[in-house]
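Colleague: Coordinates for the following, if possible.
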Amino acid sequence: MYELKTKENDNSVIEFIESVEHEGKREDAYRMLDIFTEETGHQAKMWGPSIIGFGSYHYKYASGHEGDAPLVGFSPRKARHSLYFATGDKEREELLQQLGKHKSGKACVYVNKLADIDEAVLRQLIQQSITFLRKTYPEQ
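Modeller: Residues are numbered from 1 along each chain as shown. Next comes the predicted model:
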């Protein structure tokens, strides 16, 4: 059976951020830590070796695949910051159009630096993602 590689763990969020080599990325990571904590009301936790996640939800697909994931999160990657929000909601796409300079993949939103995006829209994306996931995967 498939086992998730990205699981919540007890690794230190601060130690991970401190390991980020680029000073600007490290400063952005601390700012995002504050923003995500304020908006979610959840303590940051490490998910896998490099994702800082907030809260969690349990999902189960029609295929039977199920697992746990953070409600939202981010990772200060070497090239760009990866932001993790729920996918599948029309409101997400509308907010992304207002976010500022970014690229988006299937599940991630990539930003070079926080100064490139609108912090108020980032906060809205965090809230939208949590609302969408709580509605889609109500706690059992």
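Colleague: Tell me if I'm right that Leu96 and Lys103 touch.
Modeller: No. When contacts are counted by Cβ atoms under 8 Å, Leu96 is not listed as touching Lys103 (10.1 Å). All C-beta spots, glycine's among them, are computed from the backbone N, C-alpha and C.
Colleague: Neighbour count for those two, which is higher?
Modeller: Neighbours per residue, other Cβ atoms under 10 Å: of Leu96 and Lys103, the larger number sits with Leu96, 16 against 10.
Colleague: which SS state does that one fall under?
Modeller: helix (DSSP: H, G, I helix; E, B strand; the rest coil).
Colleague: which residues touch it?
Modeller: Contacts for Leu96 (Cβ atoms under 8 Å, 6 or more residues apart in numbering) come out as His102, Ser104, Val109, Leu125.
Colleague: from those, which ones fall inside helices?
Modeller: Leu125 (DSSP state H).
Colleague: Need the residues touching each of Leu96 and Lys103.
Modeller: Common neighbours of Leu96 and Lys103, using Cβ under 8 Å, 6+ apart, are Val109.
Colleague: what about the nearest residue to Asp28 once chain neighbours are set aside, how many neighbours?
Modeller: Of all residues not flanking Asp28 in the chain, Leu114 sits nearest, at 4.6 Å (Cβ to Cβ, 6 or more residues apart in numbering). Using other Cβ under 10 Å, Leu114 has 19 neighbouring residues.
Colleague: Relative to the whole chain's centre, how far out is stretch 26-33?
Modeller: In terms of Cα atoms, centre = their mean, to the nearest Å, the centre of stretch 26-33 is found 13 Å from the chain centre.
Colleague: Touching that stretch from outside, list them.
Modeller: Residues from elsewhere that reach stretch 26-33 (Cβ under 8 Å, 6+ apart): Val13, Ile17, Glu18, Val20, Ala44, Ile52, Phe74, Pro76, His81, Lys113, Leu114.
Colleague: Show me where this structure has its helices.
Modeller: Listed in chain order, the helices of the chain (DSSP H) span 13-18, 23-40, 90-99, 119-136.
Colleague: where are the low-confidence patches of this structure?
Modeller: Scanning the chain for pLDDT under 70 picks out 1-5, 140.
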